[in-house]
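Novice: no FASTA, just this:
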């Protein structure tokens with residue numbers, strides 16, 4: 001009988017500790033709501049002049065992912081004076097190659113070129129593909145974009161506009177998840193829209209950005225050469241993060257564009273979503289270990305719920321209600337700021353519980369899965385050397 005009071009006491013101690021972190025998480029949520037609301041009031045930055053530097057838009061490909069042909073057509077149909085679109089696959093048997101060829105054939109008036117190959121020895125498979133694509137690049141302004149993003153004709157104008165300022169070294173973009181009809185894809189889009197992007201906006205309060213985000217990055221070729229080219233990114237899993245880091249180290253600014261790209265989320269199962277998000281989490285842990293350790297503070301709802309379940313009290317019930325309201329508010333404000341549909345409210349708790357589980361798993365381990373390739377992290381975000389001809 002004596003053991004039961006000890007268990008009850010332990011539950012109360014844990015609940016009290018959770019009270020503290022729940023208050024901190026609610027503070028974070030309040031700041032995130034304000035930051036998302038401010039970003040939603042931004043003016044879209046776009047150059048209206050036609051005397052603009054020629055641009056090479058690079059889109060590495062892998063697999064015939066859902067919506068790929070529409071995505072590539074959107075990249076090709078840019079309202080920009082001179083824009084070369086370079087599409088690349090690592091191998092000739094990649095199912096994305098026929099899609100790229102169809103788009104090029106359907107738009108003969110657009111400057112579309114296709115590269116097949118990758119640089120042997122590059123640990124990062126995406127950058128290995130990009131390094132091969134660079135042999136086709138002709139222009140002094142580069143935009144590197146993910147193939148699963150959807151853009152409008154103003155995209156290149158918007159994302160390159162800040163580079164007219166010589167103090168701007170690289171431009172990156174926030175992104176909004178647009179899911180297909182599957183349950184797992186909806187959860188994946190919610191992570192992007194309601195947790196990751198708000199955390200990026202909050203992070204801006206701590207100082208000028210020093211890293212880039214994955215879906216789109218624009219850089220002048222002179223700046224890229226100054227940091228060692230894409231070759232400098234090849235050993236890193238977090239190539240986008242390191243691009244911004246290397247540019248900032250040269251004394252140039254990392255700009256976050258007012259343009260938001262649409263990421264088409266098509267993780268067809270919870271297993272695929274888990275692997276996708278676990279790669280993100282272990283990548284973040286590798287480059288920002290302290291920040292990653294505190295990421296659980298972005299989950300006020302499950303924290304408040306757990307505190308209430310461990311030791312129910314009126315104050316904890318009130319905190320749980322406040323956490324739920326804050327979570328609803330952040331969901332609405334961030335979706336409005338990013339210009340995407342609001343996810344169903346009933347998905348909030350499953351999304352947050354799934355996220356907490358991925359975060360906990362991401363605290364340890366060095367294996368990640370990138371598309372259909374198994375990669376191994378050696379130290380930080382540095383990758384072990386890939387075997388020759390490994391699938392991406």
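Specialist: Nice, thanks for sending it over. Predicted model, so just to flag it, every value in this text is computed and none were measured.
Novice: ranges for the helices of this structure?
Specialist: 3-40, 68-76, 96-106, 125-133, 155-160, 183-191, 197-203, 221-226, 239-249, 270-287, 289-293, 300-310, 314-338, 348-362 (DSSP state H).
Novice: I'd like to know which of those helices is closest to residue 53.
Specialist: Residue 53 lies closest to helix 155-160 among these, at 7.6 Å (CB to CB). Using the backbone N, CA and C atoms, a C-beta is placed for each residue, glycine as well.
Novice: same for the closest one, what does it pack against?
Specialist: strand 55-60, strand 141-145, strand 168-179, strand 216-220, strand 253-265 (3 or more CB pairs under 8 Å, 6 or more residues apart in numbering; DSSP states H and E).
Novice: could I get those strands as CSV with distance to residue 284, mean neighbour count and mean pLDDT?
Specialist: Output for these, formatted as CSV (distance: least, CB to CB, whole Å; neighbours: other CB atoms under 10 Å; pLDDT from 0 to 100):
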stretch, distance to residue 284, mean neighbour count, mean pLDDT
strand 55-60, 22, 25, 98
strand 141-145, 20, 25, 98
strand 168-179, 15, 24, 97
strand 216-220, 17, 25, 98
strand 253-265, 17, 22, 96
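Novice: Please convert those strands to JSON lines, extending it with distance to residue 20.
Specialist: Listed next are those as JSON lines, based on distance: least, CB to CB, whole Å:
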{"stretch": "strand 55-60", "distance to residue 20": "45"}
{"stretch": "strand 141-145", "distance to residue 20": "42"}
{"stretch": "strand 168-179", "distance to residue 20": "31"}
{"stretch": "strand 216-220", "distance to residue 20": "38"}
{"stretch": "strand 253-265", "distance to residue 20": "32"}
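Novice: quick one: which of those is nearest residue 355?
Specialist: strand 168-179 (13.5 Å).
Novice: Find the residue ranges of the stretch 151-300 of the chain scoring beneath the pLDDT cut-off.
Specialist: Counting by pLDDT under 70, the stretch 151-300 of the chain has no low-confidence residues at all.
Novice: Skipping its backbone neighbours, what lies nearest residue 61 in space?
Specialist: Ranked by CB to CB, 6 or more residues apart in numbering and with sequence neighbours excluded, the top spatial neighbour of residue 61 is residue 96, at 3.8 Å.
Novice: mind listing what that neighbour touches?
Specialist: Applying CB atoms under 8 Å, 6 or more residues apart in numbering to residue 96 gives the contacts 61, 62, 63, 64, 65, 68, 89, 147.
Novice: so the fifth one sits right up against residue 146, yeah?
Specialist: No: look at residue 65 against residue 146 with CB atoms under 8 Å: they stay out of range, at 10.2 Å.
Novice: So these two - more neighbours on which side?
Specialist: Set residue 65 next to residue 146 and count neighbours by other CB atoms under 10 Å: residue 146 wins out with 19 against 16.
Novice: Leaving out chain neighbours, which residue sits closest to that one?
Specialist: residue 215 (4.6 Å).
Novice: about what we covered before: of the contacts of residue 96, buried ones?
Specialist: 61, 62, 63, 65, 68, 89, 147 (16 or more other CB atoms under 10 Å).
Novice: can you redo those as JSON lines with distance to residue 353?
Specialist: As requested, these are arranged in JSON lines below (distance: CB to CB, whole Å):
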{"residue": "61", "distance to residue 353": "34"}
{"residue": "62", "distance to residue 353": "31"}
{"residue": "63", "distance to residue 353": "30"}
{"residue": "65", "distance to residue 353": "28"}
{"residue": "68", "distance to residue 353": "32"}
{"residue": "89", "distance to residue 353": "38"}
{"residue": "147", "distance to residue 353": "31"}
